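Undergrad: dropping the sequence and predicted coords here.
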Amino acid sequence: MTWSLIGFSLFISSLAGYVVYTYQSTRTAIMAEIDEQLLRAAKSTQLLVGDDYHDRLNAITPEEFQHKSVQLTALAKAIDVEYVYTMVYQPPHVHFTASSYTKADIKHNKLTQFLDHYKEATTINKTAFQSTEPVFEVSRDKWGHFKSIFVPYISSNGTAYIAGADMTISQVDTLLQESVAKATLTASFFFFIAVLVAIFYIALYRRSMSTDPRTGFANRVALEQDLSKKQSQHLSLAIISIDELEDIISFYGTHVGDRVLKKVMEYFKPITSPHRVYRLATSKLVIMSDIKDGEAYLSRIIADFPKSSPVLTKPHLYIQLHAGIATGNKSLLLENASIACRQAKQGNQSICMFSVDSQDARLKQKNHLAIANILQDAFADNRVATYFTPRVDPKTQQVVQHGCSARIVTEQGAILKTESFSEVVRQSRLQSQLTRNILTQCIDRFRKSGTAWSIKLSYHDATDPQLLDFIDQELRRYPQPRLITFELDEKDVLEHFNAMAVCINVLKSKGVKVLINAVSSGLLTVSRVMKLNIDMILLDESNTTHIADDEQVFDFIKHIAKLCHDKDIMLLVAGVESEEQYNQLSKAGVDLVEGRHIATAAPHLCTKLRQLSNQARA
């Protein structure tokens, strides 16, 4: 729209310039034509008077002068000038030798007589007698305001005289006004055409902006415009999703997908009239209602959609609908209905009404968005910190390894734990960026030390070729890669077993160690994980909770520890929160433990531990 206004403004400016140019060029042409007309009149006057007329000025009779005046009057009328005349200069005065007259001259008795003294003669008029070229002048005298021409001649006996012609300025102004009128009329015509074109274009533009080109129905722009105009207190809105549509488009093409959506919209159009049906996105449409109990009405017509009948017969296609319905504040209708539609799909429901639970979901969305913004700012401002969790060998009560995890420092200095942003990191595909950041910090910190440390890798990290190249480059400059352990999640390993087995072998080939964490699915899972080329298993902290008061849990962990030792795999148990748990894990033969009872994660390395129980050594 902005470019349209700019274009229209440029057109108006060009039109104004055209009017000015037309006026100036027409004025120049008219003035040139006037000059030509005056010149023609003056030369015709000289021919009519004759050259010998001025050779015998002393012999001119009143009758001959009168006869010439009649002839010159007819000439002036024919050429359309006010006066034509001849003059001689007898210093210091200019005298008329012949002259035309008008009806006004006769009426007011202003007839010029032979050799009348022209008292209003100007300097230009007098100097014209010595000129060799025609002379033009604009002057005012008792006869009026004129533009005049003086053409110099010399008779055969040497008498200098001029033949002149006058045109009133009012005549000139009339011609110029006609020119302006023509230019204005032309400009007005083009302006009128431009306004019509602009109105037509704006109408088409607004229609194209508010209409979906593929279905011909109103689009999201039209929906938002209509929502802003609604004054009703009973406004309801339904978002309907066609789940199979993206698959249909992928299989049959966009044109078939558009036909399906248009068919559904055409089904709802007559039964929702006078309300409109809108296309919201590729596979979503919207119905709005401003009647009382509109949500119930929308729910009923959506539930009545014939799901058992094919929406198209060529090709033969069936579809299922999921809908979210919201009512109330129109500024939140679209967002609330979208949340309800998402919940309908997640819960495999046909229709879901926006409720308090949906409100909680919306608050979670806002929280996720806020955390995503904090993450972006933290990456940009280098506010990602590494925290270290000590892992202790209960036999020696010495720190053997540090688990490294990320923390985000907000602009206000608050520390966000990994759990608060891990889901946002995964959803935003920021995991690789976070892993690079933490890995670089750890490499720089531990390169010149003999400290063992570990860092987590997600499935996306482990299968990202660019990140694996980055890890390879970092490990090339690390003197003791055997001190580095990469932690892989049990869930990722089980879901992508073959791919993760390859990744583990690739990592091991670089000289590092591999740990599978969050193992909690029982002996069958542990046995399967142990078949991989790994160095350590981390049991989930849920196994630790009841070890002090449940003998079966103790026996389970003791058995896992024996299996690990037989496979030359270390066993790490997390979540140690009490001295009793610590002692029981030590008795079970666990290799490493971590938890709040030992030390919490901190931005510095824990070199001194508080005194742990000696019972573990007994």
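TA: Noted; the coordinates are in hand.

Undergrad: now the longest helix along the chain, how far from the chain's geometric center?
TA: Counting residues, the longest helix in the chain under DSSP state H turns out to be helix 2-49. From the chain centre to the centre of helix 2-49 is a distance of 46 Å (Cα atoms, centre = their mean, to the nearest Å).

Undergrad: how about stretch 426-435?
TA: Centroid separation for stretch 426-435 versus its chain: 27 Å, with Cα atoms, centre = their mean.

Undergrad: same question for stretch 376-390.
TA: With Cα atoms, centre = their mean, you get 32 Å for stretch 376-390.

Undergrad: quick one: residues in contact with that stretch.
TA: When contacts are defined by Cβ atoms under 8 Å, 6 or more residues apart in numbering, stretch 376-390 is touched by residues 399, 401-411, 415, 430, 433-434, 437-438, 441-442, 445, 453, 594, 598-606, 609. Placement of C-beta: from N, CA and C, glycine included.

Undergrad: what is the least confident helix or strand in the protein?
TA: Least confident element among the helices and strands of the chain, by mean pLDDT, DSSP states H and E: helix 169-209 (a mean of 69).

Undergrad: re the thing from before, any idea which helix or strand comes after the longest helix of the chain?
TA: Next in sequence after helix 2-49, counting helices and strands by DSSP states H and E, comes helix 62-79.

Undergrad: what mean pLDDT does that following helix get?
TA: The pLDDT scores in helix 62-79 average 92.

Undergrad: contacting residues around it?
TA: With Cβ under 8 Å, 6+ apart, helix 62-79 has contacts from 37, 40-41, 44-45, 48-49, 53, 82-85, 98-102, 111-114, 165.

Undergrad: how about low-confidence regions in the stretch 1-150 of the chain?
TA: Applying pLDDT under 70 to the stretch 1-150 of the chain flags residues 1-5, 7-8, 11, 15, 19, 23, 141-143.

Undergrad: try it again with 80
TA: In the predicted model of the stretch 1-150 of the chain, residues 1-27, 30, 51, 108, 110, 140-144 satisfy pLDDT under 80.

Undergrad: and if you look at the stretch 201-350 of the chain?
TA: For the stretch 201-350 of the chain, the stretches flagged by pLDDT under 80 are 201-210, 230-234, 272-275, 292-293, 328-331.

Undergrad: go again with 70.
TA: Residue ranges of the stretch 201-350 of the chain with pLDDT under 70: 201-208, 233, 273-274.

Undergrad: how about the strands in it?
TA: 236-242, 277-281, 284-289, 312-313, 316-317, 321-327 (DSSP state E, counting those that start in this stretch).

Undergrad: and those as a markdown table, adding mean neighbour count and distance to K229?
TA: Formatted as a markdown table, those follow (neighbours: other Cβ atoms under 10 Å; distance: least, Cβ to Cβ, whole Å):
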| stretch | mean neighbour count | distance to K229 |
| --- | --- | --- |
| strand 236-242 | 25 | 14 |
| strand 277-281 | 21 | 14 |
| strand 284-289 | 24 | 11 |
| strand 312-313 | 12 | 35 |
| strand 316-317 | 14 | 36 |
| strand 321-327 | 24 | 18 |
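
Undergrad: output these as JSON lines; include the columns distance to K587.
TA: Shown next, in JSON lines, are these (distance: least, Cβ to Cβ, whole Å):
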{"stretch": "strand 236-242", "distance to K587": "56"}
{"stretch": "strand 277-281", "distance to K587": "60"}
{"stretch": "strand 284-289", "distance to K587": "59"}
{"stretch": "strand 312-313", "distance to K587": "69"}
{"stretch": "strand 316-317", "distance to K587": "65"}
{"stretch": "strand 321-327", "distance to K587": "54"}
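
Undergrad: looking at those strands, which is nearest to R259?
TA: Nearest to R259 among the strands of the stretch 201-350 of the chain is strand 312-313; the distance by Cβ to Cβ comes to 6.3 Å.

Undergrad: strand partners (parallel or antiparallel) of that closest one?
TA: Partner strands and pairing direction for strand 312-313 (DSSP bridges) are strand 316-317 (antiparallel).

Undergrad: quick one: the strand it pairs with to chain centroid distance?
TA: How far strand 316-317 lies from its chain's middle: 38 Å, per Cα atoms, centre = their mean.

Undergrad: which residues are in contact with it?
TA: Strand 316-317 is contacted from outside by 244, 248, 256, 260, 310-311, using Cβ under 8 Å, 6+ apart.

Undergrad: walking through the stretch 351-500 of the chain, point out its strands one by one.
TA: Counting by DSSP E, counting those that start in this stretch, the stretch 351-500 of the chain has strands at residues 351-353, 384-393, 398-409, 415-416, 453-457, 484-489.

Undergrad: low-confidence ranges, the stretch 401-550 of the chain, go.
TA: Where the stretch 401-550 of the chain drops to pLDDT under 70, the residues are 518-524.

Undergrad: let's see it at 90
TA: For the stretch 401-550 of the chain, the stretches with pLDDT under 90 are 410-433, 448, 458-460, 462-464, 476-477, 490-499, 517-531, 539-550.
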